[in-house]
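Trainee: Can you look at this prediction? I've put the sequence above it.
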Amino acid sequence: MLNKWEGIVLRTGPYGETNKVVTLLTREAGKVTAMARGAKKPASRLAAVTQPFTHGIFMIYRGRGMGTLQSGDTLNQMRHLHQDITATAYASYIAELMDRLIEDNQPSPAQFELLRQAFHAIDEEYDPEAITLFVEWKMLPVAGIHPVLHQCASCGATEGEFAFSFQEVGFLCHRCFHVDPYLIRLSPSHLRLIRTFYTVPIEQVGKLTLKPATKKFMRKIVRTIYDEQVGLRLKSASFLDQLERMPSFGREERPAEADSDDSE
């Protein structure tokens, strides 16, 4: 059966001398894998549309086993994601996160839209680290984690001073700090940021410029959740860590898409 799907290339791998195996996240069918015959040849009509991060319309024949990519039309090549090493690194991390968490052949329209929004925002040169934080927080439910962020995870209170508890996977109010001796205290702006990352669609918020220390703080929390609760460690994370240690990392970025009291 021949299918016409809107999709984004998550990753590719070689198959023989001239072919590629392409993994796509599609709007209609979720994550699918297809053989792109001859796509490694520079003159192939499939060469451009099978580049990582490409957003396009794909014609895929599916019978038994792996599908076959018959043709494709590019909607957005995401050139900045290929030309800028920082953008490439964060896009690779997002793609790997999606690939690891989303099951094959399960319709995932919300995750497709999240990926589309994230890649387009990075391609438009918004802060890729802040965009990645949006994706990491929003993918927690896909990983089976549902943090309690609207009230105290212990007593249900919605007023007071709050901290984040990895033990409770959510907020604890000051009355319940005794529940977890290893909690992390949060400022009111940290509280708002976490809720924004988790609940607000990327393209429905304004502009956000986060200080490097704030991004590092937020990243530590969400990646500790993935590490302790999911046991997820991504290969692309090590490259991001190397980038962060480079002198040029943390240079001024265009804002991401949200508002914050932590703006510089």
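Mentor: Nice, I can see it.

Trainee: buried ones in stretch 40-49?
Mentor: Lys40, Ser44, Leu46, Val49 (16 or more other Cβ atoms under 10 Å). For the C-beta atoms, the positions are set from N, CA and C on the backbone; glycine is no exception.

Trainee: chain center to that stretch, what's the gap?
Mentor: Mean-position distance between stretch 40-49 and its chain equals 27 Å (Cα atoms, centre = their mean, to the nearest Å).

Trainee: contacts for that stretch?
Mentor: Stretch 40-49 is contacted from outside by 14, 17-20, 36-39, 54, 56, 58, 69, 71-74, 77, using Cβ atoms under 8 Å, 6 or more residues apart in numbering.

Trainee: Just the terminal-to-terminal distance for that stretch.
Mentor: When the termini of stretch 40-49 are compared using Cα to Cα, to the nearest Å, they are 11 Å apart.

Trainee: One more: stretch 58-77?
Mentor: Here the two ends of stretch 58-77 are set 14 Å apart, with distance taken as Cα to Cα.

Trainee: I'd like the distance between the most far-flung residue of the chain relative to its centre and Ala43.
Mentor: No residue in the chain has its C-alpha farther from the mean C-alpha position than Arg175, which lies at 34.2 Å (Cα atoms, centre = their mean). Applying Cβ to Cβ, to the nearest Å, the value for Arg175 to Ala43 is 68 Å.

Trainee: Also Ser154?
Mentor: Applying Cβ to Cβ to Ser154 and Ala43 gives a distance of 63 Å.

Trainee: Leu191 now?
Mentor: Distance from Leu191 to Ala43, by Cβ to Cβ: 55 Å.

Trainee: same for the lengthiest strand in the chain, what does it pack against?
Mentor: In the chain, taking DSSP state E as the definition, the longest strand is strand 2-15. Identification of packing neighbours for strand 2-15 by 3 or more Cβ pairs under 8 Å, 6 or more residues apart in numbering; DSSP states H and E yields strand 19-26, strand 30-36, strand 55-61, strand 67-76, helix 85-101, helix 109-123.

Trainee: How many residues are close by the spatially closest residue to Arg37 that is not a sequence neighbour?
Mentor: Of all residues not flanking Arg37 in the chain, Asn19 sits nearest, at 5.2 Å (Cβ to Cβ, 6 or more residues apart in numbering). By the criterion of other Cβ atoms under 10 Å, Asn19 has 19 neighbours.

Trainee: How about the one 3 residues further on?
Mentor: Neighbourhood size, Val22 [other Cβ under 10 Å]: 29.

Trainee: Ile131 now?
Mentor: Neighbours of Ile131 (other Cβ under 10 Å): 26.

Trainee: Just the element for it, please.
Mentor: When elements are assigned from DSSP states H and E, Ile131 belongs to helix 128-138.

Trainee: packing partners for the next helix-or-strand element following that helix?
Mentor: Going down the chain from helix 128-138, the next helix or strand is strand 162-165, by DSSP H and E. If contacts are counted by 3+ Cβ pairs under 8 Å, 6+ apart, strand 162-165 sits against strand 170-173, strand 184-185.

Trainee: For Tyr15, give me its contacts.
Mentor: Val21, Met35.

Trainee: so how far is Arg62 from it?
Mentor: Distance from Tyr15 to Arg62, by Cβ to Cβ: 17 Å.

Trainee: Can you report how many residues lie near Glu159?
Mentor: Glu159 has 10 neighbouring residues, counting by other Cβ under 10 Å.

Trainee: and the strand or helix carrying Leu240, which residues are buried?
Mentor: Secondary structure from DSSP H and E places Leu240 in helix 235-244. Neighbour counts over helix 235-244 (16+ other Cβ under 10 Å) mark Ser236, Ala237, Phe239, Leu240, Leu243, Glu244 as buried.
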